[in-house]
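Chemist: Structure for this input, please:
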Amino acid sequence: MTIASRITVNVRVLMSCIFVCFISQVALAEAPLALTKQSPLILKIQRSVPYYTLPISAMRKVNGEIGAEYNLFLSGNLTSYTWEMLPGLSAKIAHNIALDELKIQDTQVMYQCHGRTCGSSNQWANKVFGESRLYGLNTQQSYAALKKDALDGVYYYALYSTQRGNKKVYLHLDVIQEK
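Modeler: Numbering: from 1, shown residues only. Sure, this is the predicted structure:
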């Protein structure tokens, strides 16, 4: 392991620890990520969803259509958040910090991808999340699908980050409490 990669890993761990210190005892749906406290919340939507498709694979051409080959089909209460991250934070670092925060909350990663291995950013932005603002560079995107068993039910998370051509970084989180 090179010195640069050791420093990167150590910085990630340190930043995660600092952000975790600020996580309150409030439920995740009320205060989703400490990382985002200083970033502007662009969009927050809460609604009941009879059908929610949670991709657990990359976007690929399947049977002539672009989409995820593997999905979970859920119903429940959805809360969607989209933040514009503060300048200077890359999409990958924002994603990794947010993912570390979620892991500390006892979530289990079901699927994750970074960069071009995720497929088309256009599909993630428009087809999966319905938020064109999330359409960015394919090389600067990250996605993770997570699951958490809690006393009040099962929660699923879709975490997506991207950097647009104008260098703006967005972080999106869907929280689904299954009925």
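
Chemist: Spatially central residue in the protein, please.
Modeler: Most central in the chain under Cα atoms, centre = their mean is residue 159, positioned 1.2 Å from the mean C-alpha point.

Chemist: Surely it and residue 99 touch.
Modeler: Yes: between residue 159 and residue 99 there is a contact at 6.3 Å, judged by Cβ atoms under 8 Å. The C-beta positions use only the backbone N, C-alpha and C, and glycine is treated the same way.

Chemist: who touches both of the two?
Modeler: Residues touching both residue 159 and residue 99 by Cβ atoms under 8 Å, 6 or more residues apart in numbering: residue 144.

Chemist: Count the neighbours of the residue lying closest to residue 38 once chain neighbours are set aside for me.
Modeler: Leaving aside its chain neighbours, residue 38 sits nearest to residue 86 (5.9 Å; criterion: Cβ to Cβ, 6 or more residues apart in numbering). Residues lying near residue 86 (other Cβ atoms under 10 Å) number 13.

Chemist: was I right about residue 86 contacting residue 37?
Modeler: No: using Cβ under 8 Å, residue 86 is not in contact with residue 37; the gap is 10.3 Å.

Chemist: Okay, now the unreliable bits of the chain?
Modeler: Residue ranges of the chain with pLDDT under 70: 1-31.

Chemist: what bridges to the closest residue to residue 40 other than its chain neighbours?
Modeler: Once flanking residues are discounted, residue 40 sits nearest to residue 84: 5.2 Å by Cβ to Cβ, 6+ apart. Taking DSSP bridges, one finds residue 170 as the beta-bridge partners of residue 84.
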